[in-house]
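Chemist: okay, sequence plus prediction incoming.
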Amino acid sequence: MLNFNYSIPTKIFFGDGQIEVLGNEIKKYGSKVLLVYGKGSIKKTGIYDEVVNILKSNNIEYWELAGVDPNPRITSVREGIKICREEGIDFILPIGGGSSIDCAKVIAAGYYYEGDPWDFLIKKAKVEKALPLGAILTLSATGSEMDAGAVITNMETNQKLSVGHPSMAPKFSILDPTYTFTVPKSQTAAGVADIMSHIFESYFSRTKEAYLQDRMAEALLKTCIKYGKIAIDEPENYEARSNIMWASSLAINGLLGYGKGKDFRWSVHAIEHELSAYYDITHGVGLAILYPNWMRHVLDDENVYKFVEYGVNIWGIDENKSDYVIANEAIDKTREYFNSLGLPSTLKEVGIGKENLEKMAKAAVDHNKGTVGSFKPLTYEDVLNIYMASL
Ligand code: NZQ
Ligand code: ZN
């Protein structure tokens with residue numbers, strides 16, 4: 001196992017009714033709050049009213065940035081920063097999925113930066129500090145509730161890029177699985193695919209001796225596989241929703257990547273982000289389409305052992321079969337599982353054709369210093385082949 005520094009600072013309040021801590025938690029940091037939320041699901045579900053009542057009863061003033069898009073835009077970030085400066089906001093409270101939380105994180109960092117916040121995403125400027133934020137999660141998927149990263153889209157330049165800094169990690173997150181009962185089947189499926197993809201990104205690494213992390217990864221994968229289907233069939237199944245919710249946070253909060261080296265880089269997310277940048281598709285859907293094709297593309301004599309581990313430990317494939325048979329069956333099972341959740345297998349199904357594949361492949365490598373990922377570094381041709389195989 002390689003050296004690592006453990007730091008997962010976000011305090012988690014997990015479970016039914018945990019919203020009761022909200023007032024006291026916010027008051028540790030501020031009293032003028034910016035609520036950041038999406039297109040209105042929190043109003044339909046009643047979470048908005050619940051939060052506002054708590055703020056009022058605690059004499060906490062609040063302002064609102066509503067309408068954050070799935071694949072949050074830099075324009076929303078700019079708007080949020082403006083409100084924070086004009087109103088002297090001292091705490092940011094996103095309520096929603098990864099999009100609202102990511103938008104809030106970059107508002108929090110941009111507040112202290114004089115230039116345009118897009119500079120952070122194109123690495124023209126570095127985040128130095130951020131306003132404190134706390135998250136109320138309503139969709140299990142990205143893990144943004146417990147990590148320090150954010151992904152923001154610029155529709156003018158067709159770019160979807162990420163930024164991260166320890167100061168952007170939520171001070172606390174409230175994870176009430178009942179808040180996810182209303183997540184539609186399609187978003188539940190995309191969320192499960194996203195969580196599984198985060199686990200895969202760490203699991204498929206070249207570090208062989210991080211045994212513990214890989215067994216933890218397998219436990220999380222099994223949790224997603226067991227409960228993903230149940231959550232879709234029975235949206236109000238608390239056991240399923242709670243297991244998936246906690247898996248979403250643990251998949252990306254750092255635990256699984258520790259011990260795998262500082263140069264360890266993700267693969268399929270970089271390829272997917274170009275799809276969302278060009279076509280504004282749901283992140284988890286793009287990942288579900290790409291992942292099995294990425295697996296098939298990178299599989300070789302050097303790494304087949306990892307696919308054997310995956311096939312035997314996750315899918316229960318007979319270990320006496322030959323390595324490549326196990327590996328290929330495991331990849332087929334991955335595709336079948338995503339399909340069983342109702343997720344598509346091809347880019348065509350989400351309206352993506354050949355027209356921009358070359359531009360996207362070039363952007364993916366350009367955004368990643370020339371090669372994508374570190375499990376098997378991918379060149380422009382590799383990325384293009386994976387897109388072509390996904391058509
Ligand atoms: O906008 P509203 O009305 O709230 O509806 C949302 C949205 O349409 C809806 N929704 C959320 N909670 C709901 C609900 N509908 C009914 N009931 C509820 N309880 O779901 C839709 C999707 O929401 P969104 O926040 O966009 O989804 P998700 O959590 O999947 O976030 C996706 C974004 O996060 C980024 C993605 O790239 C994408 O931009 N990611 C962030 C990461 C991070 N910060 O670490 C890592 C991820 O890999 C990912 O890249
Ligand atoms: Zn993701």
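Modeler: Nice, thanks for sending it over. Ligands and ions are numbered 1, 2, ... in the order given.

Chemist: from here on, contacts and neighbour counts on C-alpha atoms
Modeler: Will do.

Chemist: strands of the stretch 1-150 of the chain, start to end?
Modeler: Listed in chain order, the strands of the stretch 1-150 of the chain (DSSP state E, counting those that start in this stretch) span residues 11-14, 32-37, 61-65, 91-96, 134-137, 149-154.

Chemist: dump the fourth one to CSV, restricted to CA.
Modeler: Only the C-alpha atoms of strand 91-96 are listed here, as CSV (Å, rounded to 0.1, in the frame of the first residue of the first chain):
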residue,chain,number,x,y,z
PHE,A,91,-22.9,30.4,4.8
ILE,A,92,-24.1,28.4,1.7
LEU,A,93,-26.7,25.7,1.9
PRO,A,94,-27.2,23.6,-1.2
ILE,A,95,-30.3,21.3,-1.1
GLY,A,96,-30.4,18.7,-3.9
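
Chemist: just want the angle from that strand to strand 32-37.
Modeler: Counting by axes from the mean of the first three to the mean of the last three CA atoms, to 10 degrees, strand 91-96 lies at 20 degrees to strand 32-37.

Chemist: give me the nearest residue to the residue nearest to the spatial centre of the chain, chain neighbours excluded.
Modeler: The centroid of the chain falls nearest to residue 142 when counting by CA atoms, centre = their mean (2.5 Å). Closest residue to residue 142 apart from its sequence neighbours, by CA to CA, 6 or more residues apart in numbering: residue 98 at 5.5 Å.

Chemist: hang on, the earlier thing: separation between the residue nearest to the centre of the chain and residue 310?
Modeler: If you measure residue 142 against residue 310 using CA to CA, to the nearest Å, the figure is 22 Å.

Chemist: same deal with residue 38?
Modeler: For residue 38, the distance to residue 310 - CA to CA - is 37 Å.

Chemist: sorry, back to before: let me see the contact set for the residue nearest to residue 142.
Modeler: Contacts of residue 98 were listed using CA atoms under 8 Å, 6 or more residues apart in numbering, and they are 139, 141, 142, 143, 144, 145.

Chemist: any chance of a markdown table for those residues, columns distance to residue 362?
Modeler: Below are the contacts of residue 98 laid out as a markdown table (distance: CA to CA, whole Å):
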| residue | distance to residue 362 |
| --- | --- |
| 139 | 32 |
| 141 | 27 |
| 142 | 25 |
| 143 | 28 |
| 144 | 27 |
| 145 | 31 |
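
Chemist: hang on, residue 334 packs against residue 290?
Modeler: No - using CA atoms under 8 Å, residue 334 makes no contact with residue 290, being 11.1 Å away.

Chemist: and these two? which has more neighbours close in?
Modeler: Between residue 334 and residue 290, counting by other CA atoms under 10 Å, residue 290 is the more crowded of the two (24 against 20).

Chemist: quick check: which of the strands of the stretch 1-150 of the chain is nearest to ligand 1?
Modeler: strand 149-154 (4.0 Å; CA to the nearest ligand atom).

Chemist: and the closest one, C-alpha only, in PDB?
Modeler: This file holds the C-alpha atoms of strand 149-154, laid out as PDB (Å, rounded to 0.1, in the frame of the first residue of the first chain):
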ATOM      1  CA  GLY A 149     -14.600  18.500  -5.700                       C
ATOM      2  CA  ALA A 150     -17.100  20.200  -8.100                       C
ATOM      3  CA  VAL A 151     -17.800  19.800 -11.800                       C
ATOM      4  CA  ILE A 152     -19.100  22.800 -13.700                       C
ATOM      5  CA  THR A 153     -20.200  23.200 -17.300                       C
ATOM      6  CA  ASN A 154     -19.600  26.100 -19.700                       C
END
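
Chemist: and that strand, anywhere near ligand 1?
Modeler: Yes - with CA under 6 Å from any ligand atom as the criterion, ligand 1 is reached by strand 149-154 at 149, 150, 151.

Chemist: who are the packing partners of that strand?
Modeler: Here strand 149-154 touches helix 74-87, helix 98-110, strand 159-164, going by 3 or more CA pairs under 8 Å, 6 or more residues apart in numbering; DSSP states H and E.

Chemist: what residues does stretch 229-243 touch?
Modeler: The contact list for stretch 229-243 (CA under 8 Å, 6+ apart) reads 15, 176-178, 180-183, 185, 188-189, 223-224, 227-228, 340-341.

Chemist: show me which residues of that stretch are buried.
Modeler: For stretch 229-243, the neighbour count (16 or more other CA atoms under 10 Å) marks 229, 230, 231, 232, 235, 236, 237, 238, 240, 241, 242, 243 as buried.

Chemist: of the residues you listed, closest to residue 327?
Modeler: Among the buried residues of stretch 229-243, residue 229 lies closest to residue 327 (CA to CA), at 23.4 Å.

Chemist: among the residues of strand 149-154 next to ligand 1, who's most crowded?
Modeler: Neighbours here mean other CA under 10 Å. Within the residues of strand 149-154 next to ligand 1, the largest count is held by residue 150, at 25 neighbours.

Chemist: surely that one is in contact with residue 166?
Modeler: No - counting by CA under 8 Å, residue 150 stays clear of residue 166, with 11.4 Å between them.

Chemist: turn the strands of the stretch 1-150 of the chain into CSV, columns for mean pLDDT.
Modeler: Conversion of the strands of the stretch 1-150 of the chain to CSV gives the following (pLDDT from 0 to 100):
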stretch, mean pLDDT
strand 11-14, 98
strand 32-37, 98
strand 61-65, 98
strand 91-96, 98
strand 134-137, 98
strand 149-154, 96
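
Chemist: one step back: closest to residue 363 out of the helices and strands packed on strand 149-154?
Modeler: Among the helices and strands packed on strand 149-154, strand 159-164 sits nearest to residue 363 (CA to CA), with 8.5 Å.

Chemist: what sits up against the helix or strand following the closest one?
Modeler: Per DSSP states H and E, strand 159-164 leads on to strand 172-175 as the next helix or strand towards the C-terminus. With CA under 8 Å, 6+ apart as the contact definition, strand 172-175 has outside contacts at 10-15, 18-19, 25, 133-138, 145-146, 245.
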